[in-house]
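Enquirer: return a 3D structure for these sequence lines:
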Amino acid sequence: MPHLRLQISGTPDEALTSRAAATVAELTRTVLGKRREVIAVTVETIPAHAWFIGGEPLSASGRRAFHLDITVTDETNTKAEKAAYLAQVHEALSGLLGDVHECSYIHVIDARAAAYGYGGRTQEYRHQHPG
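Expert: As a prediction, the model looks like this:
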């Protein structure tokens, strides 16, 4: 039941947005083992003149960047799985966007099961009441 919030630099591009959303969703499914039917993705495009790295806007360098926040239930993924996810997402989004700045971040947020959920129920409730 992860929620993914992806920000990419540049100008809005519907095809790129769809590819990026599908890419991070698929890696979330395959690398982190999350169920496709509960993966939610939002994508936001930030103009290059409004994205700063090291005090300089991306528009000055012509490079691209991204930031991905993904919220998952704490203790459902190992350190190794999260490390593999960061590497594979960075590689995949770099391939989609091209010339990606190294300071493109991915944050896997481990949320406590009693404080995180969907459909009006916490993940802790789902754990205690399977089925």
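Enquirer: going by C-alpha atoms from here, please, whenever you check contacts or count neighbours.
Expert: Will do.
Enquirer: the spatially closest residue to residue 85 that is not a sequence neighbour: how many residues sit nearby?
Expert: The shortest distance from residue 85 to any non-neighbouring residue, by CA to CA, 6 or more residues apart in numbering, is to residue 31 (5.9 Å). The burial count assigned to residue 31 is 17, neighbours taken as other CA atoms under 10 Å.
Enquirer: equivalent analysis for residue 3, please.
Expert: Neighbours of residue 3 (other CA under 10 Å): 17.
Enquirer: show me what contacts the residue nearest the centre of the chain?
Expert: Closest residue to the average C-alpha location of the chain: residue 68 at 3.6 Å, with CA atoms, centre = their mean. Residue 68 sits next to 4, 5, 6, 7, 105, 106, 107 when contact means CA atoms under 8 Å, 6 or more residues apart in numbering.
Enquirer: and the fifth one, how many neighbours does it have?
Expert: Residue crowding around residue 105 was assessed by other CA under 10 Å; the count is 14.
Enquirer: what residues are up against it?
Expert: Counted by CA under 8 Å, 6+ apart, residue 105 has contacts 66, 67, 68.
Enquirer: could you dump those residues to JSON lines with distance to residue 50 and pLDDT?
Expert: Listed next are the contacts of residue 105 as JSON lines, based on distance: CA to CA, whole Å; pLDDT from 0 to 100:
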{"residue": "66", "distance to residue 50": "13", "pLDDT": "98"}
{"residue": "67", "distance to residue 50": "14", "pLDDT": "98"}
{"residue": "68", "distance to residue 50": "17", "pLDDT": "98"}
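Enquirer: need these in a markdown table (columns: distance to residue 49 and secondary structure).
Expert: Converted to a markdown table, these look like this (distance: CA to CA, whole Å; DSSP: H, G, I helix; E, B strand; the rest coil):
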| residue | distance to residue 49 | secondary structure |
| --- | --- | --- |
| 66 | 14 | strand |
| 67 | 16 | strand |
| 68 | 19 | strand |
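Enquirer: ok so, going back, if I've got this straight, the residue nearest to residue 85 is in a helix?
Expert: Yes. Per DSSP: H, G, I helix; E, B strand; the rest coil, residue 31 lies within a helix segment.
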